[in-house]
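Asks: structure, please.
(one chain, ligands or ions: 1)
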Amino acid sequence: MLSFFWCGSRQKAQKWRQIEEKAANLEQQPSWNAPDNSLIFQAFEWHVPADRSHWRRLRDLLPAYKAIGVDQIWVPPGCKGMDAHGNGYDIYDMYDLGEFDQKGAVPTKWGTRQELEDLMLQAEILEIRVIWDAVLNHKAGADYPEPFKAVKVDPKRRDLEISKPVEVNGWTGFEFSGRGDMYSSMKYHWQHFSGIDWDDKSKENAIYKIVAPNKDWAKDVSTENGNYDYLMFADLDLTHPEVRADLLQWGTWITNTLSLNGMRLDAAKHFSTGFQKDFVQHVKKTANPDFFAIGEYWTGHLPSLLDYLEKVEYTLTAYDVPLVEKFSKISHAKGSDMRHILKDTLVECRPDHAVTIVTNHDTQPGQMLETPVAPSFKLLAYALILLRKGGHPCVFYGDLYGIRANVENPMTPSCNGLLPILMQARKLYANGEQQDYFDQPNCIGFVRYGNARHLSGLACVISNAGSAVQKMYVGQRHAYEEWVDLLHSEMKPVIIDKKGYGVFAVKAMSASVWVESATVSRDNIKRDFNVNIYNN
Ligand code: CA
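Replies: Residues are numbered from 1 along each chain as shown. Coordinates of the predicted model:
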C-alpha cells in the first residue's frame, strides 16, 4: 500500500518543509536534563500460584527485569488477607506482612516478611524502586461479629435508604490476637466502619449503612450508584479520627520499614479523595519526599478522571483508563481509524499524571474490570505506550509471561514474545523530541530524535490493517545510514536518504521499530528473555 505522501501536491511539499525545519530545530536544542525513561513493571497477575514463593521468585528475577529496562516494580498487596491463598485485596491486618500466625498461616500468599525484606534489599541494590499495593478502603475477615444499628440502601442508589434502622450483627470486630499490640495497638470495631454487606443475625446479604451520630457515606467519592463509598467487606469510615490516625501511621511505618518508593491506592473511587491527598502528603513529609502515588480511579470518562486529579490536587497519578478502553475498542474492530487513538486520553492531556497500561490484574479475562485488548493488537498498544513521550508506562506480568489460567494450559506471552525487546527499545532509543505521522487511518508512525545522552533515536510504524510504509524524517545527520527493524530481523534494511528521510515498512497488524543498525550490536539487545518462570 502506498501512502498519500507519494501524491506530491504543493501542500504536502510545504508540510514536509515544516517537519524538516521543526526537526532541525529540535536537534539543535537537545534536552540536556531529560531523565532516563523510567519503566514500571506490575510484578503479578491474578493467578500467580499460591505457593508462598512469589517474593523469592521476584527477588531472583529482579536482575532480568533490570536488564530489560525495568526500574520500578509494583508488587501485590502484601498485608495479611482473610484467606491465606487470597491476593491480599481481602485485607485483614495492615501491620502483618507475613510475620504473625493469623488467618491460618504466618506467610501471605506471596511469602514471609523476611522474604519480602530480602526482595526489598535486592531491589535497593539494583536501584529498582518499589510501589506497594495499598488497600485502604476496607477490612475483611473480622474476628467476631458485633451488634449495631444499620439501614439497608438501594444497591443501585446507595444514597437512598430502603429500610428503617434495624439491629444487625455485623463482622466488624478485629482483635489481631496473633500480632497483639506490635506496631499498632489499634483494634477495630463497628464504630470505625461505615458499611457492611452481610447481617449475621438475619443471614441476609444487602448493603447496610451503619447508623450512628455523624456517620454517613463519604461525600468525596465517586457518584456512581448514587454514592460509591461502599465497595466490599467492612467499609472503613475515614472520618473517624482513630481510623485516620492508624492509617497515616501505617503509611509512615511501612514506607520506612520497606524503603518504599510509592504506592498504588487500591479502590480510589471508593474512599475520600480528601483523605487520599492527606495520606500522600503525610507519607511524603514523614517518610519519603519523592513518594510516588497512583490512585486506582477506574473510569473511562476523561472528565471524571480529571475531576479526581483536581480533587487530590495532583498529589497522585491515575491509570489512563480512557486509553485502555480505546485500545480495547480499536483492537476488536479490524481496520478502525487509528489517527485519533490518543484523543481524549489522560496521557494526551495530563502526561505527567498518566500511568499508561495495556492490561492489569483487574482487566485480565475473568476479572472485575475486564477490558480485553485483542492479542493481535497488544504489540501495537505497547509500542505506543513504551516508545512515545509522556505517561508512566507499566508493563503487565501477565503480558510478559502469559496468564496462568489453569495449570494444564501453557502460558503464552503477549506480543509474540517481543515485549522484552520493546522494553529495551524504550530505554535505549525512545528519547528526545517526537514527530508524529498520524495521517493514514490504519498506519501511524512517529520519530524520536534522541537527546544528548542517547543520541540515537528511533522510527516506529504501526499498522492495524495490511502491510504499509510510512515516509518519515529522522534527521539529516543520519543521511546514508542503514536502519533496521529491531523487532523483525527479516525486514529489509532502510537506507536514510541524503536529506534525512527514510521509507519505513511495517507488516500487517504489527509494529516496527527502526534504529540505526550499528547501534543494535553496540547496545547488545537481549533477545533471550526467559519466560519459563514456574519451571526454574
Ligand atoms: Ca469506602
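Asks: make sure residue 256 is actually in contact with residue 291.
Replies: No - Residue 256 is not in contact with residue 291 according to Cβ atoms under 8 Å; the separation is 11.3 Å. (Glycine included, C-beta is placed from N, CA and C.)
Asks: higher neighbour count, the two?
Replies: residue 291 (22 against 13; other Cβ atoms under 10 Å).
Asks: surely residue 196 meets residue 173?
Replies: No - assessed by Cβ under 8 Å, residue 196 is found out of contact with residue 173, at 11.7 Å.
Asks: comparing those two, which residue is more hemmed in?
Replies: With neighbours defined as other Cβ under 10 Å, residue 196 and residue 173 compare such that residue 196 has more, 28 against 15.
Asks: ok, for the closest residue to the ion within the stretch 51-200 of the chain, nearest residue in space, not its chain neighbours?
Replies: Going by Cβ to the ion, the ion is nearest to residue 137 of the stretch 51-200 of the chain, at 4.6 Å. Sequence neighbours aside, residue 267 is the residue nearest to residue 137 in space, at 4.1 Å (criterion: Cβ to Cβ, 6 or more residues apart in numbering).
Asks: look up how far residue 222 lies from the one you found.
Replies: 10 Å (Cβ to Cβ, to the nearest Å).
Asks: for stretch 253-272, what is the average pLDDT?
Replies: Throughout stretch 253-272, pLDDT has a mean value of 98.
Asks: how many neighbours does residue 205 have?
Replies: Residue 205 is flanked by 9 other residues according to other Cβ under 10 Å.
Asks: where does it land in three-state SS?
Replies: strand (DSSP: H, G, I helix; E, B strand; the rest coil).
Asks: if I look at the closest residue to it other than its chain neighbours, how far off is residue 154?
Replies: Computed as Cβ to Cβ, 6+ apart, the closest residue to residue 205 that is not its neighbour in sequence is residue 198, at 5.7 Å. Here residue 198 is placed at a distance of 17 Å from residue 154 (Cβ to Cβ).
Asks: those two: which has the busier surroundings?
Replies: Counted by other Cβ under 10 Å, residue 198 and residue 154 do not tie: residue 198 has more neighbours, with 17 against 14.
Asks: residue boundaries of the helices in the protein?
Replies: Along the chain, counting by DSSP state H, helices occupy 10-28, 54-67, 113-125, 241-258, 273-286, 302-311, 321-332, 346-349, 378-387, 397-400, 419-429, 517-523.
Asks: who's in contact with the residue in the stretch 351-500 of the chain that the ion sits nearest to?
Replies: Here the stretch 351-500 of the chain gets closest to the ion at one residue, residue 368, 15.7 Å apart by Cβ to the ion. When contacts are counted by Cβ atoms under 8 Å, 6 or more residues apart in numbering, residue 368 touches residue 362.
Asks: let's see 10 Å
Replies: Residue 368 makes contacts with 46, 89, 232, 298, 361, 362, as judged by Cβ atoms under 10 Å, 6 or more residues apart in numbering.
Asks: and if you look at residue 166?
Replies: Applying Cβ under 10 Å, 6+ apart to residue 166 gives the contacts 149, 150, 151, 152, 199, 201, 202, 204, 208, 211.
Asks: now tabulate those residues in TSV and tack on neighbour count.
Replies: As requested, the contacts of residue 166 are exported to TSV (neighbours: other Cβ atoms under 10 Å):
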residue	neighbour count
149	16
150	24
151	19
152	19
199	20
201	12
202	12
204	13
208	25
211	17
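Asks: CSV for these, including pLDDT and distance to the ion?
Replies: Below are those laid out as CSV (pLDDT from 0 to 100; distance: Cβ to the ion, whole Å):
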residue, pLDDT, distance to the ion
149, 98, 19
150, 98, 15
151, 98, 17
152, 98, 17
199, 98, 19
201, 97, 23
202, 97, 23
204, 97, 21
208, 98, 13
211, 98, 17
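Asks: in strands, which of those residues fall?
Replies: Among the contacts of residue 166, the members found in strands (DSSP state E) are 149, 150, 151, 152, 199, 204, 208.
Asks: which one is the first one nearest to, not counting chain neighbours?
Replies: The spatially closest residue to residue 149, leaving aside those adjacent along the chain, is residue 211, at 4.2 Å (Cβ to Cβ, 6+ apart).
Asks: verify the stated contact: the one you found with residue 148.
Replies: Yes - between residue 211 and residue 148 there is a contact at 7.7 Å, judged by Cβ atoms under 10 Å.
Asks: what touches both of the two?
Replies: Counting by Cβ under 10 Å, 6+ apart, the common neighbours of residue 211 and residue 148 are 165, 167, 168.
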